[in-house]
Each structure stands twice: as C-alpha cells, then as structure tokens.
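Undergrad: mind looking at a prediction? Sequence and model below.
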Amino acid sequence: MRVLLTGAAGFLGSHLSERLLVEGHEVVAMDNFVTGNPQNLAHLAGNQNFLFIRHDVSDFIFVPGKVDAVLHFASPASPNPLSPYGYTNLPIQTMKAGALGTHNALGVARAHRARFLLASTSEIYGDPLVHPQPETYWGHVDPIGVRSVYDEAKRFAEALTMAYHRYHKIDTRIVRIFNTYGPRMSLDDGRVVPNFIQQALRGEPLTIYGDGLQTRSFCFVDDLVEGIYRLLLSDEHDPVNIGNPTETTILDFAETINKIVGNKAGIVLKPDLRLGDDPQQRQPDIRRAREILGWEPKINLQTGIERTIRYFKEKMEQV
Ligand code: NAD
Ligand code: UDP
C-alpha cells in the first residue's frame, strides 16, 4: 500500500512509519512539527519508500500519486499546560487538527477510494463513570472544560469518520488509544512518563499532580503499533480500544519509576497542578481487540520502562 500518515514526526507517527516500511508499504509522511520533531524521522530519510511532506493538515491536503490508505494521527496530545506542546496551550490548533484536519484527511481517502484510520483516544470517555471502559460507553465529557479542545475535537473526528463511512461508503477504522509510552516521546512533552523518567534520572522528587490516587493503564508503543497495524488490515469499522489493561495509581507508578531508576528523592505532591477534569480512573476494556484482532499487549511495565529510560538517558546527555 501507499500510505499517507499525518503526524508522522511525532512519537507514535515515527514508530508507525517504521512499521509500515518494514511491512513493505510506501509511506507519505506529513507533519508541521507543531509538537513533533524531524529527528524522529531522520533515520528514514534515505529510504526510497519514504517521502516527507511538511504541511499543516488543517489546510487542504494534496498528495501527488496514488494513496491506498490514510492514517490520521496529526494532533497535539499532551494535556500538560506547563509544556509548550500541551494542547491547552494550542487550543485552536488542536481543534483544527481534529476537525478540519480530519475532514481534509477523509477527503484524501474519498478522492483516492483509500481506506482510512483515525487515531482517537480514551479521552473521548472523559472522566468515566463506567470502569473499565468498553467501546459501548458514551463517555462523560465537559464540553467546555479545559480538556474539551482535545476531547471534543476527537469526538467530532469520530462522528465525521462514521459519517464518511455511512454516507460516502469510505472503508474507515477508529482506534481509541489509551496512555502509550516509549522512546521518541519528546523531552518537553509534559505527559507523566517523560516527566517522571527525567525527574528520576536527575535525582529529583517526582511531581504528582493531586493526591496520586488517580489511575492510568500504560501501554508500550510496540504493543500499540501491533494493534493498530492489525486493525488497519481488518474489516472493523466500529471503534476498537487499544491499550494495556494493567491499571496503576499514579502514586504507585511514581514509586515503580523511582525503584527502577534507583532514585532516592521520592515524590512531591502538587495538588495545584492537577488539571480540571483529569480522569480519576482509566483502564481499557480490550475484549473487542482480543476477539476481532486476536491482539493483546505482550510487554510488561518493567521491560517497557527500562527501554524508555535508555532512550531518555541518551537524549538528556545530548542536551
Ligand atoms: P505527538 O505530539 O508526539 O505527535 C503528534 C504529531 O502530530 C506531531 O508530530 C505534530 O507535529 C503533528 N501535528 C499536530 N498538528 C498538526 C497539524 N495541524 N498538521 C500536521 N501535523 C500536525 O503525540 P503522539 O503521542 O504521537 O500522538 C499521536 C496521535 O495519537 C494523536 O492524534 C493523539 O491524539 C493520539 N493519541 C496518542 C496517545 C498516547 O498515549 N500517545 C493516546 C491517545 C491518542
Ligand atoms: N501527572 C502527574 N505528574 C506529572 C504529569 C502528569 O502526576 O508530572 C498526572 C496527571 O495529572 C494525570 C496522569 O498523571 O492524572 C497522566 O497524565 P498525562 O499527562 O500523562 O496524560 P493523561 O492521561 O491525563 O491524558
């Protein structure tokens, strides 16, 4: 396949680019570097099956040549207002990437009769009242809350994707991605994994926003990419959760990171830094992924975190 991948210079986009090339596909990678980094793709530059186009997906997208599949991943993804990459600092760009960007990416799929895959998110469930979250749950989202620029843009993107599927008969897929981590997350990303790993490596206390009793379920990037690739090859049009169901409190997670790194500085509670509408608990129900895709995560937290630490160590030595 010749695949248009938006958001290719980001964390997930760079891993997906690699996987698609390994599987023998051609990749047309698109990004405007708002939160991504050309370094994430530098090693692919000489590959004859790889083409990079610098472009903002909120503007009309033109791709020279044929397109067999469109994977729409372009969007800021970190909620942290302390990060320059946080979507609360890029509110209009985030809404445009989810709304106009999705419309343009679907337009490419329609023009080429290509299959389409949308990167959606567990955030569409909001601060969930059902736990763990199955795909049938409609969510609990504040439409005007601080996180709404991201959540509502993704909810709109899902609705638009289903409209193109139902009305224009586009062969669409929707993946609801739960917290994923790994190498190539930006040092400035502000999400909990890059923050904790860098703090631990510097021998500083890990900053816990709130009381740390909120939960997340962390998936290593290789597992996620496997699930997304299987979904792309499947015929499933309804949303599929992809994530690791092993749930942990942020407090326990901080202690795990400190233990793996050997950081003696402990933790510090920062109740003021907890963002409004921060989900209290999050765990994917992955029964559909198991049944439809035969997929489940294989990499445990210890292994995934050790691989991620190696990456951050190297990057921190370079700056
Ligand atoms: P990231 O910030 O590393 O990557 C996003 C990429 O999209 C960046 O390279 C950025 O420059 C690009 N981008 C943003 N707006 C753009 C625009 N208008 N035009 C062109 N490029 C644009 O984040 P990530 O974690 O790799 O997330 C990738 C996708 O996966 C996002 O759509 C995000 O919502 C989704 N997602 C990620 C997670 C996760 O845990 N990593 C969870 C749920 C959903
Ligand atoms: N968090 C934290 N310390 C940090 C960064 C994040 O305690 O330095 C918390 C944050 O409040 C949230 C959880 O960790 O409860 C996960 O945050 P992240 O930014 O990774 O993404 P989210 O899952 O909220 O989208």
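TA: Okay, I see it. Ligands and ions are numbered 1, 2, ... in the order given.
Undergrad: quick one, what contacts N40?
TA: Contact analysis of N40 by Cβ atoms under 8 Å, 6 or more residues apart in numbering lists A9, G10, F11, G13, S14, R184. All C-beta atoms are positioned from the backbone trio N, CA, C, and that covers glycine.
Undergrad: mind checking which of the residues you listed are in helices?
TA: Residues of the contacts of N40 located in helices (DSSP state H): F11, G13, S14.
Undergrad: ok, and of these, which contact ligand 1?
TA: Contacts with ligand 1 within the ones in helices among the contacts of N40, counted by Cβ under 6 Å from any ligand atom: F11, G13.
Undergrad: among the ones in helices among the contacts of N40, find me the one that's closest to P205.
TA: Within those, the smallest distance to P205 is 25.4 Å, found for F11 (Cβ to Cβ).
Undergrad: how close does the closest one get to F60?
TA: 26 Å (Cβ to Cβ, to the nearest Å).
Undergrad: now swap in L100 and tell me
TA: Distance, L100 to F60, by Cβ to Cβ: 9 Å.
Undergrad: before we move on, what about N195?
TA: 37 Å.
Undergrad: settle it for me: which of those two has more neighbours?
TA: Legend: neighbour count by other Cβ atoms under 10 Å for N195 and F60, higher for N195 (22 against 11).
Undergrad: excluding chain neighbours, what is closest to the more buried one?
TA: T207 (6.6 Å; Cβ to Cβ, 6 or more residues apart in numbering).
Undergrad: same check on L129?
TA: Per Cβ to Cβ, 6+ apart, closest to L129 is H140, 5.0 Å.
Undergrad: tell me who's in contact with the residue of the chain most remote from its centre.
TA: Distance from the centre of the chain peaks at K264, with 30.8 Å (Cα atoms, centre = their mean). Going by Cβ under 8 Å, 6+ apart, K264 touches G203, N258.
Undergrad: that one should be in a strand, yeah?
TA: No - with DSSP: H, G, I helix; E, B strand; the rest coil as the criterion, K264 is located in coil rather than a strand.
Undergrad: residue boundaries of the helices in the stretch 51-200 of the chain?
TA: 91-112, 148-168, 192-201 (DSSP state H, counting those that start in this stretch).
Undergrad: whoops, I mixed them up, the stretch 201-319 of the chain
TA: Using DSSP H, counting those that start in this stretch, the helices of the stretch 201-319 of the chain run over residues 221-233, 250-261, 287-288, 301-318.
Undergrad: elements contacting the second one?
TA: Helix 250-261 makes packing contacts with helix 192-201, strand 206-209, strand 215-217, strand 267-270, helix 301-318 when contacts are defined by 3 or more Cβ pairs under 8 Å, 6 or more residues apart in numbering; DSSP states H and E.
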